[in-house]
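*Asks:* What would the 3D arrangement of this be:
(one chain, ligands or ions: 2)
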Amino acid sequence: MSADVLRPRRSVLYMPSSNERALEKAKSIACDGLILDLEDAVAPDAKPAAREAACTAAASGEYGRRELTIRVNGIGTEWHDDDLAAASAAGPDAIVVPKVNSADEVVALVAAMEEAGAPEHTRLWAMIETPVAILDVLSIARASDRLACFVMGTNDLVKELYAEHVPGRAPILPSLHQALLAARAAGIAILDGVYNDVKDTDGFLAECRQGREMGFDGKTLIHPGQVEGANTEFAPSEAAVEDARGLIAAWEDGKGSGVVTYNGKMVENLHVESAQRTLAVADAIGALQD
Ligand SMILES: CC(C)(COP(=O)(O)OP(=O)(O)OC[C@H]1O[C@@H](n2cnc3c(N)ncnc32)[C@H](O)[C@@H]1OP(=O)(O)O)[C@@H](O)C(=O)NCCC(=O)NCCSC(=O)C[C@H](O)C(=O)O
Ligand SMILES: [Mg+2]
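*Replies:* Ligands and ions are numbered 1, 2, ... in the order given. Now for the predicted structure:
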């Protein structure tokens, strides 16, 4: 397991880069990552100033352990090229590109980042939020070593499918699973989409739990009030850590046999590997400092 794959991404908060107060506040929010937005959350008139603010923030080194990313405007928009060039030069941890639709687009994005002088540590994160992306998601996931993460854009996906936002998300589960399969096959991280109702804590926590059970690494968020819940739901619980330790101990006690039981359940090598991953994730979270 590489360090990058294990980097905690339980809570990744979007914020409009045009909102100076929010950019300042973010320095003390306990999220694992930030997406400084230049796209949907920023009005057309405010985009040039927002671009400058995001790039200044990314270059400032003032966001501590938080993984700092900039979401540029989409390919083909009037702002995209300038956003990508400026963000590349600023050197955030990643550049998030909305509505990525093909492997060719990934290759072209990486070439443009390199041409604009993006430092090696600046990765590409691709938003998966259209039907065409879902239908070609494995080739997108495998298009470049610089692509480190998928971010689900569930609002755009619901819109494009003519679907509806419903509890349990049945209309988009096949798409979410398809993207998860591709991310895991390619060995990259994947973040769940946002929960729009910032006042509905129960609904938000239920959706976090669902995302974690499906296999997402974390959730994208739109409000600071969602951070604590995501941090808790996407971290292994104390019980899960204890269970993982017990399972590994039972396996080691029965060394030599291909299968043992723990708490009455069959344990094989693959369960041991899952338990080791749980402990590695818990350790990576435990090592975080503010
Ligand atoms: C959703 C909001 C518009 C709500 O704003 P507001 O009503 O002002 O919230 P509060 O009054 O509760 O705010 C309390 C304080 O917290 C700060 N704040 C609020 N949101 C953020 C944030 N995201 N990051 C940092 N700080 C934040 C406020 O400034 C208040 O601070 P203070 O004044 O000091 O008390 C608002 O939360 C918001 O704008 N959220 C982000 C929206 C956004 O970025 N949208 C775009 C990304 S989502 C998307 O596009 C998904 C995808 O593409 C898809 O297709 O699904
Ligand atoms: Mg979107």
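*Asks:* So which residue is dead centre in this structure?
*Replies:* The centroid of the chain falls nearest to Leu191 when counting by CA atoms, centre = their mean (3.2 Å).
*Asks:* Give the bridge partners for that residue, please.
*Replies:* Beta bridges link Leu191 to Val151, Gly218, judged by DSSP bridges.
*Asks:* so who does it touch?
*Replies:* Leu191 makes contacts with Arg9, Val12, Cys149, Phe150, Val151, Met152, Phe216, Asp217, Gly218, Lys219, Thr220, as judged by CB atoms under 8 Å, 6 or more residues apart in numbering. All C-beta spots, glycine's among them, are computed from the backbone N, C-alpha and C.
*Asks:* Which secondary structure state is assigned to the last one?
*Replies:* Which is Thr220. Assigned with DSSP: H, G, I helix; E, B strand; the rest coil, Thr220 falls in the strand class.
*Asks:* That one and ligand 2, how far apart?
*Replies:* 10 Å (CB to the ion, to the nearest Å).
*Asks:* now the fourth one
*Replies:* Phe150 sits 13 Å away from ligand 2, taking CB to the ion as the criterion.
*Asks:* Local confidence estimate at that residue?
*Replies:* Per-residue pLDDT puts Phe150 at 98.
*Asks:* now stretch 152-169, how far from the centre of its chain.
*Replies:* Its chain's average C-alpha position is 18 Å from that of stretch 152-169, according to CA atoms, centre = their mean, to the nearest Å.
*Asks:* near ligand 1 at all, it?
*Replies:* Yes. Stretch 152-169 is in contact with ligand 1 by CB under 6 Å from any ligand atom, via Gly153, Thr154, Asn155, Asp156.
*Asks:* quick one: terminal-to-terminal distance for that stretch?
*Replies:* End-to-end distance for stretch 152-169: 13 Å, by CA to CA, to the nearest Å.
*Asks:* Run through who's touching that stretch.
*Replies:* Applying CB under 8 Å, 6+ apart, the contact partners of stretch 152-169 are 98-99, 127-131, 134, 171-172, 175-176, 179, 190-194, 196, 203, 206-207, 210, 220.
*Asks:* Identify each buried residue in that stretch, please.
*Replies:* By 16 or more other CB atoms under 10 Å, the buried positions in stretch 152-169 come out as Met152, Gly153, Thr154, Asp156, Leu157, Val158, Glu160, Arg169.
*Asks:* I'd like those as TSV, with distance to Val241 and secondary structure appended.
*Replies:* Below are those laid out as TSV (distance: CB to CB, whole Å; DSSP: H, G, I helix; E, B strand; the rest coil):
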residue	distance to Val241	secondary structure
Met152	27	strand
Gly153	32	coil
Thr154	30	helix
Asp156	36	helix
Leu157	34	helix
Val158	35	helix
Glu160	40	helix
Arg169	28	coil
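*Asks:* hmm, back to that, check the residues of stretch 152-169 next to ligand 1 and tell me the two furthest apart.
*Replies:* Among the residues of stretch 152-169 next to ligand 1, the pair separated by the greatest distance (CB to CB) is Thr154 and Asp156, at 7.6 Å.
*Asks:* any idea how far the host helix or strand of Glu24 is from the chain center?
*Replies:* Assigned by DSSP states H and E, Glu24 belongs to helix 20-25. Its chain's C-alpha centre and that of helix 20-25 lie 21 Å apart, by CA atoms, centre = their mean.
*Asks:* Next secondary structure element downstream of it?
*Replies:* The element immediately downstream of helix 20-25 (helix or strand, assigned by DSSP H and E) is strand 33-37.
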